[in-house]
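Trainee: Sequence plus predicted model, see below.
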Amino acid sequence: MPRTYTTLDAARDLDNIARMIALAFGGTPEGARDWLTNAGVDNLRVVQDEGRAVASLLRIPMGAYFGGRSVPLLGVAGVAVAPEERGLGHAAFLMHNLVRSAFEEGWALAGLYASTHRLYRKFGFEHAGHRFQYTVPLVRIDAGGPLSAVSTLPGELRIVALQESDDPEIRACYQNFARMYEGTLDRGPYIWSRIRKQREETYTGFGVRDAAGSLRGYLFMSQQRSNPLGRFSVALSDFVFTDEAAGRRLWEFLHDFSMMGENLTFCGGPTHPALQLLRQQRHKVELKDDWLIRVIDFKRAIESRAYSPAINTELRLELNDDTIPENSGRWLIRIADGRASAARDHSAAESSSVLRLSARAIATLYSGFNTAHQARLLGLADGDDTTLSLADSIFARSTPWMSDMY
């Protein structure tokens, strides 16, 4: 019986897949089964060999913001191979089919957090952004100081407990925040469900409303006892605000927990705006992961994102994509009015004026994690300095990051 890539037969294979995931990630079969059930078993893909499920992954439909626009992104999580089946090529077969099926379905991008880079790079994934964890002593929080002339006075903002009925406002607030930062997720149901509960941890939401009742910022927090004296730490699953005054009001709210609280932790990137509101750099930073993306449909990916409206130019490039040969070949990208078009290039342009890229190179260039010059340094791209500088100007944005783990 040939090896196949297929959907899950839950009645037959769910317990076996839960066992595989528990052994791969150090959890329990019961916990893995709950995770898969909550995520939706319809999103599981399985490798069957000789009638047995030997490998699996979870697909997470969502998007990611690049240039302020949401680009369709298929998240990948829970990649696992049964321990007794490792070394037989099942993971490579799994990823090859994931990438090919994503292309056939029309996805622009795929993304993942990599436990091992060699496997995913083989199929065109490359570093695309950061996720850090910050630790701030609650007693050292100081976000006071002069507000800008256009800010609302802190006294005009009140803290409210958030309910599930507030979800539409919460999501709108998040969208206004996230689209300003490269790589942040346009969350789907799976990611949103993790804001309120991850594993055994439940998070409570608090928002900032102004005098008109508008939600200007919010956070979701949990508390964990840290010693027998009743001291605790505070962890955030989300920390969002849409203006300076709301950000400062949330910091003030968190500082109020310093009477019994010790440390605050939350995740984000090197340019998370909350950190820039603090008057002193008294936080610790720990790199959690660099996440990876893969350009699935080159034309759709290029045309889905936004670009600087100040740029009006053309770029010729030659893409080499072994897994998706439909992406390979010469392309002409035209940028105007903040949008792009990508078409096959049949001109006789000088080869020196063409940017030559691997699939990995276009991934890291697309997100802004590396410039074209940096990609050339890594052996992922080639072209003359003028052409590379042109590519740098097209894709240059702020540092890509996200707070979410998937």
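Mentor: Sure, I can see it.
Trainee: Quick check: the gap between residue 316 and residue 357.
Mentor: Per Cβ to Cβ, to the nearest Å, residue 316 is found 11 Å from residue 357. No exception for glycine: its C-beta is placed from N, CA and C like everyone else's.
Trainee: More neighbours: those two, which one.
Mentor: Taking other Cβ atoms under 10 Å, residue 316 and residue 357 do not tie; residue 357 has more neighbours (27 against 20).
Trainee: I'd say that one and residue 321 touch.
Mentor: No - with contacts counted by Cβ atoms under 8 Å, residue 357 stays clear of residue 321, the gap being 9.1 Å.
Trainee: what pairs with the longest strand seen in the chain, and is each one parallel or antiparallel?
Mentor: As assigned by DSSP state E, the longest strand anywhere in the chain is strand 52-66. Looking at strand 52-66 with DSSP bridges, its partner strands are strand 44-49 (antiparallel), strand 69-81 (antiparallel), strand 185-186 (antiparallel).
Trainee: and the next element down the chain from the shortest one?
Mentor: Beyond strand 185-186 in the direction of the C-terminus, DSSP states H and E gives the next helix or strand as helix 189-196.
Trainee: Give me the helices and strands touching that following helix, please.
Mentor: Judged by 3 or more Cβ pairs under 8 Å, 6 or more residues apart in numbering; DSSP states H and E, the packing partners of helix 189-196 are strand 52-66, strand 232-241.
Trainee: how close does residue 393 sit to residue 285?
Mentor: From residue 393 to residue 285 the distance is 30 Å (Cβ to Cβ).
Trainee: tell me the domain boundaries of the chain?
Mentor: Domain assignment for the chain by automatic domain parsing gives 4-124, 131-291, 297-395.
Trainee: possible to save those domains as TSV with mean pLDDT and distance to residue 405?
Mentor: Formatted as TSV, these follow (pLDDT from 0 to 100; distance: least, Cβ to Cβ, whole Å):
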stretch	mean pLDDT	distance to residue 405
domain 4-124	95	7
domain 131-291	92	7
domain 297-395	95	17
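Trainee: Relative to residue 403, which of those is closest?
Mentor: With Cβ to Cβ as the measure, domain 131-291 is the member of these nearest residue 403 (4.6 Å).
Trainee: ends of the closest one, how far apart?
Mentor: 7 Å (Cα to Cα, to the nearest Å).
Trainee: i'd like the first residue to be 33 from this point on
Mentor: Will do, 33 is the new start, and the previous item becomes domain 163-323.
Trainee: could I get the longest strand of the chain in PDB with only the CA atoms?
Mentor: Taking Å, rounded to 0.1, in the frame of the first residue of the first chain, the C-alpha atoms of strand 84-98 are listed here in PDB:
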ATOM      1  CA  ARG A  84      -1.100   3.200   9.700                       C
ATOM      2  CA  ALA A  85      -0.900   6.900  10.700                       C
ATOM      3  CA  VAL A  86       2.800   7.600  11.100                       C
ATOM      4  CA  ALA A  87       3.000  11.400  10.900                       C
ATOM      5  CA  SER A  88       0.700  14.400  11.200                       C
ATOM      6  CA  LEU A  89       0.400  18.200  11.300                       C
ATOM      7  CA  LEU A  90      -2.200  20.800  12.100                       C
ATOM      8  CA  ARG A  91      -3.200  23.500   9.500                       C
ATOM      9  CA  ILE A  92      -4.300  26.900  10.900                       C
ATOM     10  CA  PRO A  93      -6.100  29.200   8.500                       C
ATOM     11  CA  MET A  94      -5.400  32.800   9.200                       C
ATOM     12  CA  GLY A  95      -3.500  35.800   7.800                       C
ATOM     13  CA  ALA A  96      -0.500  38.000   8.500                       C
ATOM     14  CA  TYR A  97      -0.100  41.800   8.100                       C
ATOM     15  CA  PHE A  98       2.500  43.000   5.700                       C
END
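Trainee: quick one: it to helix 221-228, angle?
Mentor: Counting by axes from the mean of the first three to the mean of the last three Cα atoms, to 10 degrees, strand 84-98 points 80 degrees away from the direction of helix 221-228.
Trainee: Distance from the chain centre to strand 84-98, please.
Mentor: Relative to its chain's centre, strand 84-98 lies at 13 Å (Cα atoms, centre = their mean, to the nearest Å).
Trainee: More neighbours: residue 425 and residue 317, which one.
Mentor: Neighbour count, other Cβ under 10 Å: between residue 425 and residue 317, residue 425 has more, with 17 against 12.
Trainee: right, and that one touches residue 343 too?
Mentor: Yes - Residue 425 is within contact range of residue 343, at 6.3 Å (criterion: Cβ under 8 Å).
Trainee: out of the strands paired with strand 84-98, nearest to residue 199?
Mentor: For those, proximity to residue 199 was assessed by Cβ to Cβ; strand 217-218 is nearest, at 15.5 Å.
Trainee: quick one: the closest one to chain centroid distance?
Mentor: 7 Å.
Trainee: can you check stretch 278-291 too?
Mentor: Its chain's C-alpha centre and that of stretch 278-291 lie 27 Å apart, by Cα atoms, centre = their mean.
Trainee: what about residue 347, distance to residue 365?
Mentor: Separation of residue 347 from residue 365 (Cβ to Cβ): 5 Å.
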